[in-house]
Structure formats: C-alpha cells, structure tokens
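J.: build me a model from this:
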Amino acid sequence: MSGLLSEFMIRAALAGVGVALAAPWLGVFVVWRRMAYFGDAVGHAAVLGVALSLMIQLPVTLGVAAVAVTVALVIAALEHPRVGLGADALLGVMSHGALAFGLIAVSFLPGARLNLEAYLFGDILAVGWADVGVIWAGAAVIAAVIGWRWRGLLTATVNPDLAWSAGLNPDRDRRILTLALALLVALAIKVVGALLITALLVIPAAAARPLSRSPEMMLGVAMGIGVLSALVGLGLSYAADTPAGPSVVVVSVVCFVLGRAIGSLRTG
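T.: The predicted structure is shown next:
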C-alpha cells in the first residue's frame, strides 16, 4: 500500500487523471464524427514531433504540438474534393507516413533508441511535477475552449447545413477541434504514448455512448470511465508489473465491453 502512495505514483495518478479528464471533451466528437483515423494520424505524428524537438532542443510538448497541428492542417487541406483522394486512404497515408518518418528521424539521434518505447507506449511513471502542471493546465485549456464552443460543435456535428443557416461556422469549429486535438496529443504522449493516444480518445467515449441519454451525460460518463481506467490501470501496473500505458487502455477496453453489455440489456 505504501508503494501505491509513493510520490512517483501520486504524480502518475495526477497525470493520468488530468489526461483522462481532458480526452473526453474531444473523444465524444471523435466518436460522433467518426474521426478515429484522424486522431490516429495526428497521434502518430507525435513521434516525428519528438524527434524534431530533440534535434533542435525544444521542449518535447511544444514540438509535438507543432507537428500535430501541421499534420492536422495538411489533412484538412488535402481533404478538399479537388484533391480526388478518399479520406480513408489519405488518413492511412498520413498516419503511417508520419510514424515512419518519425521513427527514421529518431534513429539518427544518439541514445534516442533507448527511449523510443517510452514515446510509443508512454512512461507515465516517469512524469515530474512540472509535467503534471503542464497536463492540468492543458486540460483546463481544452475544457474551456470546447466548453465555449460546445453548442456550435454539436450543431455542426448533427447538421452542418443547419449550423451555417444559424450563423455558425463549422469550418472554424473544425479547426478549433483540430488545434485542441493537437494539444491533447502533446499532453498525452508521456502518459500513453503515440500509439495509444487514439485509444484514450475513442474508448472511454465509445464505452459511455450506450450508457448516456444526452451529449452532456456522455461527456460526464466518459470522464468517469477515463479516470477509473487511469487509476485502476496504474494499480494493475503496480501490482502485476505490467506497462502502465497499455494497462490503462486494457481497463478502458473492459469498461467498453461492460458498457456495451449494459446497453444491450437496457435495449433488450
């Protein structure tokens, strides 16, 4: 018990909870808009951001955010009908291309290969108090921005034409969502890593969907599932000596299965 209350575990728990509270604000829209592959592409770009940050000696969070924003904006530009490429094919190219470029770039950094697993799968147990502060500050920004644009984003998600007629700007709201997603990727890379970021976005929100009767309820339930996954996953990691990031995701998957089962019982 004393190990669970040690300082590094407290820092890890606070970092995990901070990301778990931030992710559902975007995860619900990722699920509603079927943007999982978009989140995957931006998440994989984080590895390239890490490599560039180390090359030019920038803070990793800043470098990851810059690359994630760039990749997201490039995808948005290439999705224009004149490009003539399907969205699924485009996202596949960008997702795997960004990851491949990132892995190659990391291979040129002396000593970086030793830390590559931490960037791919997260190293939540290694976060410091400064990291915790950055995560919670970023989570507050994400919650404030998405909360401010909540109604506009909901309207544009349900019916873009209705949003335009109501004087809203779905394109602007999509850009806001994109920037917030890039910020979340930068915050979450130390917690779950580049390969598992999309899981943190999608799974709690998808698990909450059959248990919710309104968008706001879905957001709240997803937050609860995310926090539960972070804390139980950390406890499982400590008790069974398993990787922390994947353990958090496994607990999320269990919550998803239970949520779907409960939802089926309700509708059945």
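J.: can you pull out the strands in the stretch 51-200 of the chain?
T.: With strands called from DSSP state E, counting those that start in this stretch, the stretch 51-200 of the chain shows none.
J.: for it, give me the ranges with low pLDDT.
T.: Counting by pLDDT under 70, the stretch 51-200 of the chain contains low-confidence residues at 76, 78-88, 110-116.
J.: and residue 23, how far from residue 258?
T.: Per CB to CB, to the nearest Å, residue 23 is found 19 Å from residue 258. Any C-beta I mention is one placed from the backbone N, CA and C, and that applies to glycine too.
J.: does the nearest residue to residue 232 once chain neighbours are set aside lie in a helix or a strand, and which?
T.: Leaving aside its chain neighbours, residue 232 sits nearest to residue 251 (4.8 Å; criterion: CB to CB, 6 or more residues apart in numbering). Using DSSP states H and E, the element containing residue 251 is helix 244-267.
J.: CA atoms only: put that helix into CSV for me.
T.: The C-alpha coordinates for helix 244-267 follow below in CSV (Å, rounded to 0.1, in the frame of the first residue of the first chain):
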residue,chain,number,x,y,z
ALA,A,244,1.4,1.4,-17.3
GLY,A,245,0.1,2.9,-20.6
PRO,A,246,-1.2,-0.3,-22.1
SER,A,247,-2.7,-1.3,-18.7
VAL,A,248,-4.8,1.9,-18.7
VAL,A,249,-6.0,1.1,-22.2
VAL,A,250,-6.8,-2.5,-21.2
VAL,A,251,-9.0,-1.3,-18.4
SER,A,252,-10.7,1.1,-20.8
VAL,A,253,-11.5,-1.8,-23.1
VAL,A,254,-13.0,-3.8,-20.2
CYS,A,255,-15.2,-0.8,-19.5
PHE,A,256,-16.2,-0.6,-23.1
VAL,A,257,-17.2,-4.3,-23.1
LEU,A,258,-19.2,-3.8,-19.9
GLY,A,259,-20.8,-0.6,-21.3
ARG,A,260,-21.9,-2.4,-24.5
ALA,A,261,-23.3,-5.3,-22.4
ILE,A,262,-25.3,-3.0,-20.1
GLY,A,263,-26.5,-1.0,-23.1
SER,A,264,-27.7,-4.2,-24.8
LEU,A,265,-29.6,-5.3,-21.6
ARG,A,266,-31.3,-1.9,-21.5
THR,A,267,-32.5,-2.0,-25.1
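J.: in that helix, what counts as buried?
T.: 244-252, 254-256, 259, 263 (16 or more other CB atoms under 10 Å).
J.: by pLDDT, rank the residues you listed and give me the bottom one.
T.: Ranked by pLDDT, the buried residues of helix 244-267 bottom out at residue 263 (78).
J.: residue contacts, it?
T.: 209-211 (CB atoms under 8 Å, 6 or more residues apart in numbering).
J.: next, work out how far apart it and residue 213 are.
T.: For residue 263, the distance to residue 213 - CB to CB - is 11 Å.
J.: do the same with residue 234
T.: With CB to CB as the criterion, residue 234 and residue 213 are 31 Å apart.
J.: between these two, who's got more neighbours?
T.: When residue 234 and residue 213 are compared for neighbours, residue 234 comes out ahead with 24 against 7, by other CB atoms under 10 Å.
J.: contacting residues around the more buried one?
T.: Taking CB under 8 Å, 6+ apart, one finds 9, 12-13, 16, 124, 244, 247-248 in contact with residue 234.
J.: grab the nearest non-local neighbour of residue 230.
T.: That would be residue 16: by CB to CB, 6+ apart, it lies 3.3 Å from residue 230.
J.: could you tell me which residues make contact with the closest residue to residue 228 other than its chain neighbours?
T.: By the measure of CB to CB, 6+ apart, the closest residue to residue 228 outside its immediate chain neighbours is residue 255, 6.8 Å from it. Counting by CB under 8 Å, 6+ apart, residue 255 touches 203-204, 207, 225, 228-229.
J.: show me where this protein has its helices.
T.: With DSSP state H as the criterion, the chain has helices at 7-32, 36-56, 60-78, 87-107, 116-121, 129-148, 150-158, 160-165, 170-188, 197-208, 215-240, 244-267.
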